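Here you go, sequence then predicted model.
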Amino acid sequence: MAKKVPLRQCVGCGEMKGKKDMMRVLKTVEEEICLDVTGKKNGRGAYLCKSRECLVKARKNKGLERSLKMSIPAQVYDTLEKEFDSIEAE
């Protein structure tokens, strides 16, 4: 029997993809937003495709804000974009 791959929906483009192919954006207990590269940290997570495009879409359609049930300041998006760039550069 094939093992079931956990699917997650991208808050940017709305596509369903395997959990391993996505980035997890995390809201910690302290209401901080960060990228959870391991996918194991505690807190509420929202998923994004590993492309900057989806981050931009999520910013426009407020997908992250809906998923994390809070408003997200612009500087948080800027930080996320920088983190994304450093990951894409690897």
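On my side now, so go ahead.

Give me the helices and strands touching the helix or strand harbouring Ser86, please.
Under the criterion of DSSP states H and E, Ser86 resides in helix 74-89. Secondary-structure packing of helix 74-89 (3 or more C-beta pairs under 8 Å, 6 or more residues apart in numbering; DSSP states H and E): strand 22-27, strand 33-36, helix 52-61. In this view, the C-beta of every residue, glycine as well, is placed from N, C-alpha and C.

Where does pLDDT dip in this structure?
Within the chain, the stretches with pLDDT under 70 are 88-90.

picking that back up, so for Arg44, which of the helices and strands packed on helix 74-89 sits nearest?
Comparing the helices and strands packed on helix 74-89 against Arg44 with C-beta to C-beta, the closest turns out to be strand 22-27 (4.6 Å).

quick one, phi/psi of Leu48?
phi -130, psi 150 (degrees, to the nearest 10).

so what's it up against?
Leu48 is in contact with Cys10, Val11, Gly12, Met22, Met23, Val25, Cys54, Leu55, Ala58, Leu64, counting by C-beta atoms under 8 Å, 6 or more residues apart in numbering.

what two of these are the furthest from one another?
Using C-beta to C-beta, the contacts of Leu48 reach their maximum pairwise distance at Met22 and Leu64, which is 13.1 Å.

Restrict the helix holding Ser86 to CA atoms and write it as PDB.
Extracted C-alpha coordinates of helix 74-89, given in PDB (Å, rounded to 0.1, in the frame of the first residue of the first chain):
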ATOM      1  CA  ALA A  74       4.500  45.200   5.700                       C
ATOM      2  CA  GLN A  75       7.900  44.800   7.400                       C
ATOM      3  CA  VAL A  76       7.100  41.100   8.100                       C
ATOM      4  CA  TYR A  77       6.500  40.500   4.400                       C
ATOM      5  CA  ASP A  78       9.800  42.200   3.600                       C
ATOM      6  CA  THR A  79      11.600  40.000   6.100                       C
ATOM      7  CA  LEU A  80       9.900  36.900   4.600                       C
ATOM      8  CA  GLU A  81      11.000  38.000   1.100                       C
ATOM      9  CA  LYS A  82      14.600  38.400   2.300                       C
ATOM     10  CA  GLU A  83      14.500  34.900   3.900                       C
ATOM     11  CA  PHE A  84      13.000  33.500   0.700                       C
ATOM     12  CA  ASP A  85      15.800  35.000  -1.300                       C
ATOM     13  CA  SER A  86      18.400  33.500   0.900                       C
ATOM     14  CA  ILE A  87      16.700  30.000   0.600                       C
ATOM     15  CA  GLU A  88      16.300  30.300  -3.200                       C
ATOM     16  CA  ALA A  89      20.000  31.300  -3.600                       C
END
